[in-house]
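*Asks:* can't give you the sequence, but here's the structure:
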């Protein structure tokens, strides 16, 4: 912890106003920075603080927050034998500068983050989806993305090809009360009627002895 505390002071001092916070948790150092300053931050971490390797770049979604998304960078320094996490907040409809000019390996990571969360990276030479299919609707790792998706893929016998169509679910598959029959729900699941016939069972509370 002492080493991380010292490293945290060194990084925040070097980044100046670009760093908005720092935290050490579970043996890991996280530095919060301004999205607009991400290029200069990354250049300073690579050249001035010897974090030469970009291990990963990903996103995170906080729907209730004013700036909804975190863009998260994981860097490794072989010289220091340590890692650092850098986070920048990005709002809905906002973009963040691409860091390809500093870490060329960021190219596919940034495309994946765009594909999964819809966060565009300004200055990226090929900003398009990388994991989802052509014509895919929505961003799968957003917290409000439905588990069923918005479109489904099927083979059409008449057209003799694969087609997309909107997902259509009947209401009974959308209505969840998250209650168990044992808690007084107005319906029972298949097989629960057998519990009601068990010795000692009472109506309204199947299978439970008085």
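*Replies:* That came through, no problem. As the structure is a computational prediction, the values presented were derived from the model and not from experiment. Residues are numbered from 1 along each chain as shown.
*Asks:* wait, residue 141 sits on residue 118?
*Replies:* No: contact status for residue 141 versus residue 118: not in contact, 9.4 Å apart, counting by CB atoms under 8 Å. C-beta here means a position set from N, CA and C on the backbone, and glycine is covered the same way.
*Asks:* higher neighbour count, these two?
*Replies:* Comparing residue 141 with residue 118 by neighbour count (other CB atoms under 10 Å), the higher total belongs to residue 118, at 19 against 15.
*Asks:* was I right about the more buried one contacting residue 139?
*Replies:* Yes: contact criterion CB under 8 Å: residue 118 and residue 139 qualify, at 4.1 Å.
*Asks:* What count of nearby residues applies to the residue nearest to residue 51 when sequence neighbours are not counted?
*Replies:* Once its chain neighbours are removed from consideration, residue 51 has its nearest residue in residue 75; the separation is 4.0 Å (CB to CB, 6 or more residues apart in numbering). Residue 75: 23 surrounding residues under other CB under 10 Å.
*Asks:* Just the element for residue 75, please.
*Replies:* Taking DSSP states H and E as the criterion, the element that holds residue 75 is strand 69-77.
*Asks:* which other helices and strands contact that strand?
*Replies:* strand 53-61, strand 82-90 (3 or more CB pairs under 8 Å, 6 or more residues apart in numbering; DSSP states H and E).
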